[in-house]
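K.L.:
Let me see the structure of the following:
(chains A and B)
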Amino acid sequence: MSTITDPQGGTFRLSMLLNDTRYRSTTLQVIAAIIIALTIGYLYSNLAANLEAAGLNISFAFLGSPAGYDIGQTLIEYDSQSSNLRAAFVGIINTLLVAFLACVTATVFGVFAGVLRLSNNWLVRKLMSFYVEIFRNIPVLIWILIIFTIMTVSMPAPNAFRGETPTSSMLFDAVAFTNRGVYIPAPVWGPGSLVVVATFVLSIIGIFAYRSYATKLLYDTGRLLPRFWPSVGLFFIPTILVFFIMGSPISLDYPALKGFNFRGGLQIGAPLIALWFALSIYTGAFIAENVRAGIQAVSKGQTEAAAALGLRSGRIMNLVVLPQALRVIIPPLISQYLNITKNSSLAILVGYADITATLGGITLNQTGRAIECVLLLMLFYLVISLLISAFMNVYNSSMKLKER
Amino acid sequence: MSDTHSESTTVSYVRTETIPQQAAPANAAGPAKWIKDNLFATWANSLLTVAAIYVIYLVLASTLPWIFGGVWSTGSLRECREVLDGATGACFSVLTERWNQLLFGFKYPTDQYWRPTVAFLLMFVAMAPVLFFDLPRKLLIVTGLFPFVAFWLIWGGTIWTPLFALLSVIVGYIVYSKLVARSFAAGFFGGIAAALVFFWLSGFIVPSLTPDEPFLEAVPSRDLGGYMLNMMLGVTCVSLSLPIGIALALGRQSSMPLIKWVSVIFIEFIRGVPLITLLFVANVMLAYFFPPGSGVDLFLRVVIMITMFSSAYIAEVIRGGLAALPKGQYEAADSLGLDYSQAMRLIILPQALKISIPGIVNIAVGLFKDTTLVSVISMFDLIGMIRGPILASTDWAGVYWELFGFAALIFFVVCYGISQYSQWLERRLATDHR
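P.N.:
Below is the predicted model of the structure:
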């Protein structure tokens, strides 16, 4: 009988550190750790020496000092005497605002174009692939500039709305497209408007409750209740009734030309519109591809099986194709939302006061605190991205096909 | 039997010859059927068709007269408006008049434009054997020489810097081929180290060899601009980020926790922040991390940051390719007794990279589009030139559409071309005959 002899444990040679698989990975990691530590130490010593030479230090005290600049579009209270931190918050809220608006419209554009790309209509199909190719292959920065130029150069000045025979007129006497932005009526919340809003929220909840009740009834007893018209009715009727019972508490403040500019109403600045529209139409092209791929990923057998069961084509879409397609569509959709949030940093190009333009632009230039500002900026985007990817992981694991 | 026979006699008419085949009805074949099926199948469909035709008409009616009425040879916007005399038309003369500025920036020496042009043309020769496998393999020599030649052509100055860089690559290769017999890792890292050491040593010799009047006039990096800058950033950063991306992807899959976590943190950090903040880092922060007085110029800092950015994305794409390989491939490599580097080089990476090609091309296209972002940190790339010197000049203030249209067109052509190439490559590499 032959015996297998173990390698002798006692005789340790130095070459075993690299050649013996028991030690190799530890050796390599120790080497890597030393290299990383040396690199970081080298960079840090350079940083310290450079800061020393320039007479700088790292300090976040500038956040508390007055910012000293004005911001055009703010959602929270802000003036030039507010602190830099406050300016950064204005920027954060503006970033989130444009990102949210762009996500909503990009989804609408994307779903629309993606579904139409699968249309039976040859012309529509070609038109939509033209849209997708054109917008995907041209940098979003150029789109932002083009739309910003349309908004500021091609739109009439408020001047053009003046006089007996104005060259421009307001849409429905309520919306004015000017080169300073778009003016829309602003709601004025009178006393009692809270009741109307509460009724509206309640009726939305009511719609969901009704629909889930209808589903339950269908599954339990097989009785099919109409869904569409009751939902529409619930959406409009209670709110309108309460609105008139309370004596029309909510009114609209229409923009009107006073002096050199429009007063009243709500001004949506040209930078916001340019950024919003460019981001949504650009990302919409990507979402269209995701939607198309998602729908095509559902195998044809599923549609045929549903048709063989006797389902109508609308039901096939709603009950069979879409639930399966969504599983494919939503993960890339969320990463597109992430892209929108990151691309909204291009706001600095058109002067929209997002976090990059306030903290990373004006504050950085005025205080000279480059390192602190850039670090805070990165931290903000990193937190947003990590939150979104955490959400995506939760979603993915909940949507994962449950197998044995 | 007889029954049938008798019946045939009583039937009044029986066709004895077959009817000659006839063409299908006009509305069931040919263009008519195609139009009916594809454009007017249902009422809703017809409505869509009409709406689409109307949209196309609107777009063409507003752009075609503008394009065909264009003026190509005037010196300024005012002259152009005089020539147009109120008619609709584009002032394309801004493109012809500022053509060199759009392509090369406004500071590149005027009499040296042939240098980037030659480098640009050489780029196609250098890229051809990489992109198309059927071309003779000898062309790869051009590819290998291209970075050094292009560097010398574009920046000019002494020829010894690129020459010694080339020599150090050769030295690295010689060391690699000596050591690779022992183990791939030793050859690989030894080669890189030898090349770096040789190049570092050559840094002491080059200044003494530099002539006072170099054959090609030296051009500093800050004088580069225009579309050339986009092209240079795109090509350099994509080619640099491919090997780094592969390394990061392998690092992320590694069983060594330290390597794995360093890779994960790097990738997730870079992917979590917008490119523009990384460009801010390049612009205002990165200089602090170099030794005092080293004076690393903005171009190099931007290349470093964009390369880090794209290598993180490429790493994720390649990780997807690695994960998509069936586990059997890894096990087969192990059971053949291949070590890690052999398994990766011979079995895993060729397949994983093939799967990743569409993703890598997407990243490359996205990166090329993102090179326009450098205009935000006041580098004069194509967009920077348009927004800065050209639109700010008294001659051409207000010529927006011609310039933006040109920029859009030039990016569209390149990006669309790349994505078409990637589709061709995918078909070409498809080995599963299903």
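K.L.:
only C-alpha atoms for contact and neighbour calcs from this point on.
P.N.:
OK.
K.L.:
how about the strands of chain A, start to end?
P.N.:
For chain A, the strands defined by DSSP state E occupy A:176-178, A:181-184, A:186-189, A:250-253, A:256-258, A:261-263, A:266-268.
K.L.:
tell me the domain ranges of chain B?
P.N.:
Here the domain assignment for chain B is B:28-68, B:158-215, B:222-434, based on automatic domain parsing.
K.L.:
what about the first one and chain A, any contact?
P.N.:
Yes: part of domain B:28-68 sits close enough to chain A to count as contact by C-alpha under 8 Å from any C-alpha of the partner chain, namely B:38, B:39, B:40, B:41, B:45, B:48, B:49, B:52.
K.L.:
Number of residues surrounding the first one?
P.N.:
Residue B:38 is flanked by 20 other residues according to other C-alpha atoms under 10 Å in any protein chain shown.
K.L.:
Quick one: the strands in the stretch 151-300 of chain B, in order.
P.N.:
Assigned by DSSP state E, counting those that start in this stretch, the stretch 151-300 of chain B shows no strands.
K.L.:
pLDDT score for residue 236?
P.N.:
No chain specified, so I'll use chain A. Residue A:236 carries a pLDDT score of 85 in this model.
K.L.:
not what I meant, chain B
P.N.:
Looking at residue B:236, the pLDDT reads 93.
K.L.:
Can you name the residues that contact it?
P.N.:
residue B:303 (C-alpha atoms under 8 Å, 6 or more residues apart in numbering or on different chains).
K.L.:
Next one: the closest residue to residue B:159 other than its chain neighbours from chain A, what distance?
P.N.:
The shortest distance from residue B:159 to any non-neighbouring residue, by C-alpha to C-alpha, 6 or more residues apart in numbering or on different chains, is to residue B:152 (6.5 Å). Separation of residue B:152 from chain A (C-alpha to the nearest C-alpha, to the nearest Å): 30 Å.
K.L.:
And the residues of domain B:28-68 next to chain A, which of them are buried?
P.N.:
B:38, B:39, B:40, B:45, B:48, B:49, B:52 (16 or more other C-alpha atoms under 10 Å in any protein chain shown).
K.L.:
Of those residues, which belong to helices?
P.N.:
With helices taken from DSSP state H, the overlap with those comprises B:38, B:45, B:48, B:49, B:52.
K.L.:
Quick check: the last one touching residue A:124?
P.N.:
Yes: A contact is recorded between residue B:52 and residue A:124 when judged using C-alpha atoms under 8 Å, the distance being 6.2 Å.
K.L.:
Mutual contacts of those two, please.
P.N.:
Residues touching both residue B:52 and residue A:124 by C-alpha under 8 Å, 6+ apart: none at all.
K.L.:
how about residue 289, what does it touch?
P.N.:
Picked chain A for this. When contacts are taken as C-alpha under 8 Å, 6+ apart, residue A:289 is in contact with A:110, A:114, A:132.
K.L.:
nope, chain B please
P.N.:
Applying C-alpha under 8 Å, 6+ apart, the residues near residue B:289 are A:43, A:44, A:46, A:47, A:50.
K.L.:
what's next to stretch B:318-336, contact-wise?
P.N.:
B:245-246, B:249-250, B:252-253, B:343, B:347-349, B:351-356, B:360.
K.L.:
now with 10 Å?
P.N.:
With C-alpha atoms under 10 Å, 6 or more residues apart in numbering or on different chains as the test, stretch B:318-336 has contacts from B:242, B:245-253, B:313-317, B:337-340, B:342-344, B:346-349, B:351-357, B:359-360.
K.L.:
How far does that stretch sit from its chain's centre?
P.N.:
The chain centre lies 28 Å from the centre of stretch B:318-336; the measure is C-alpha atoms, centre = their mean, to the nearest Å.
K.L.:
if we can go back for a sec, which of the residues of domain B:28-68 next to chain A lies closest to residue B:116?
P.N.:
Of all the residues of domain B:28-68 next to chain A, residue B:52 has the smallest distance to residue B:116: 44.1 Å, by C-alpha to C-alpha.
K.L.:
Give me the subset of the contacts of stretch B:318-336 lying in helices.
P.N.:
B:242, B:245-253, B:313-317, B:340, B:342, B:349, B:351-357, B:359-360.
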